[in-house]
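# okay, sequence plus prediction incoming.
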2 protein chains.
Amino acid sequence: MKIREALIEDFDEIWPIFHEIVSAGETYAYPQETTKEQALKIWIETPRKTYVFVDGSQILGTYYIKTNQAGPGSHVCNCGYMVSSKARSKGLATAMCQHSQEQAIKLGYKAMQFNFVASSNQWAVRLWSKLGFDTVGHLPKAFNHPKKGYVDALVMYKWLQT
Amino acid sequence: MKIREALIEDFDEIWPIFHEIVSAGETYAYPQETTKEQALKIWIETPRKTYVFVDGSQILGTYYIKTNQAGPGSHVCNCGYMVSSKARSKGLATAMCQHSQEQAIKLGYKAMQFNFVASSNQWAVRLWSKLGFDTVGHLPKAFNHPKKGYVDALVMYKWLQT
C-alpha cells in the first residue's frame, strides 16, 4: 500500500470513487450531477497536485492539494480526500491526511484549511479534530444536505509549521 | 448616482480601481502583481454578475456577486466591493453592499458570505458588522499583510432571507 502522485491514466479508477461520493450530495460542495469531464477538471486539472492511495494496482483513495487563496492567502493550502466505499474504516483518510500535511510543508505551505465541512459529517469532523485541526468557523445553514436540509458547515484549520 | 450592471466596455475604468487596491496587497486575496487581463477574468468573466457605481459617466465603485460554493453550498453567494480612492468615505461601500443583498435575493441566494476579510481592515469589519454580517470564522495568521505580516482573516456571513 502506498500513496503516490496521480497520473492522468488513473482517472478512470478515480471517477467511480468521486461519483459515488459526490452524487450522494452529503459531503462535497460539488453538484450531485457533476459529470466525469467536470470531475477531471475539479480533481486532477485544477489542483496543484493530486495523489492516489493504491493497494497493489487498485486505487482505493485519492486526495488533492491546492492553494486556498491567492496573493496574501497563498501560504494556506486546501485539501479534499475521498475513500472508496470498499475501503472505509481502514485508516486511509488518516494516512492521506498525514501524507498531505507532509506534502504541504514540502510545497511551502504554512497552514491547511478545510473550507466547507458539513457539520452532519461527524465522522470527518472527529477525524480532522483528532489530526490537529481546529474548528475556526461555523457557517449557519450553509450546507444543503439532501436528507437533513440546511445544516451548518464548519471551517477547519491547522497551522503546519511550528 | 446609480448602480448598474457592468458592461465589458467599463473595464478600462474599473481596472485603475482594481489595480490600486490589489497592488497594495492589504485587503484582497489576489496577487499584488495581478495583470489587467487576469483582473478582467477575476472581476468580470468569472463572477455571476458585476456592477458599477456611477456618478454621471464616471465609475467610482464596483462589486461582483458569485456563488460561493457549488452543489450543497450554492444557496450562499459571495461578493467583493471596490471603491476608488477618489470616492472613499462617501457611503459607496454601504450603498453597494445594500444593493448586492437585494440582487442576491433576486438571484435566489439565501445568504451572503465574505470568505477572507483581513482582520487589519477594521474599517471593512466595522462596516460589514453594521450591515448585519456576523463574524462566523477566525482564520489564524491566514492573511499575509505586506506591512503587518501574518494577520488573522475573518469569515463574515449574513442570512438574507427572513
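Here it is on my side, so go on. Numbering: from 1, shown residues only, chains lettered A, B, ... in the order given.

# the residue in chain A that chain B sits nearest to: how many residues sit nearby?
The minimum distance from chain A to chain B, using CB to the nearest CB, falls at A:Gly137 (2.5 Å). Backbone N, C-alpha and C define where each C-beta goes, glycine included. Burial measure for A:Gly137: 27 neighbouring residues, criterion other CB atoms under 10 Å in any protein chain shown.

# what's the angle between the strand or helix carrying it and strand B:134-145?
Assigned by DSSP states H and E, A:Gly137 falls within strand A:134-145. If you take axes from the mean of the first three to the mean of the last three CA atoms, to 10 degrees, strand A:134-145 sits at 120 degrees to strand B:134-145.

# tell me the helix or strand right after strand A:134-145.
Counting by DSSP H and E, what follows strand A:134-145 is strand A:149-159.

# give me the phi and psi for the spatially closest residue to A:Asp152 that is not a sequence neighbour.
Spatial nearest neighbour of A:Asp152, chain neighbours left out: A:Ser119 (4.3 Å); criterion: CB to CB, 6 or more residues apart in numbering or on different chains. Backbone torsions of A:Ser119, given as degrees, to the nearest 10, read phi -60, psi -20.

# how about A:Gln38?
According to degrees, to the nearest 10, A:Gln38 has phi -70, psi -40.

# and for A:Lys41?
Torsion angles, degrees, to the nearest 10, at A:Lys41: phi -70, psi -50.

# pLDDT at it, what is it?
If you check A:Lys41, the pLDDT there is 98.

# tell me how many other residues crowd it.
Neighbour tally, A:Lys41, other CB under 10 Å: 12.

# for it, give its distance to A:Ile59.
Separation of A:Lys41 from A:Ile59 (CB to CB, to the nearest Å): 19 Å.

# and what of A:Lys2?
A:Lys2 is 11 Å from A:Ile59, by CB to CB.

# mind listing the shared neighbours of those two?
Here A:Lys2 and A:Ile59 have A:Phe53 as joint contacts, going by CB atoms under 8 Å, 6 or more residues apart in numbering or on different chains.

# any low-confidence regions in chain A?
Low-confidence segments of chain A (pLDDT under 70): A:162.

# what parts of it come near chain B?
A:22, A:25-26, A:28-32, A:34, A:69-76, A:110-111, A:113, A:115-116, A:118, A:136-146, A:150, A:153, A:155, A:157, A:159 (CB under 8 Å from any CB of the partner chain).

# what bridges to the residue nearest the centre of chain A?
Nearest to the centroid of the C-alpha atoms of chain A, with distances taken as CA atoms, centre = their mean, sits A:Gly80, at 1.2 Å. A:Gly80 has these beta-bridge partners by DSSP bridges: A:Tyr64.
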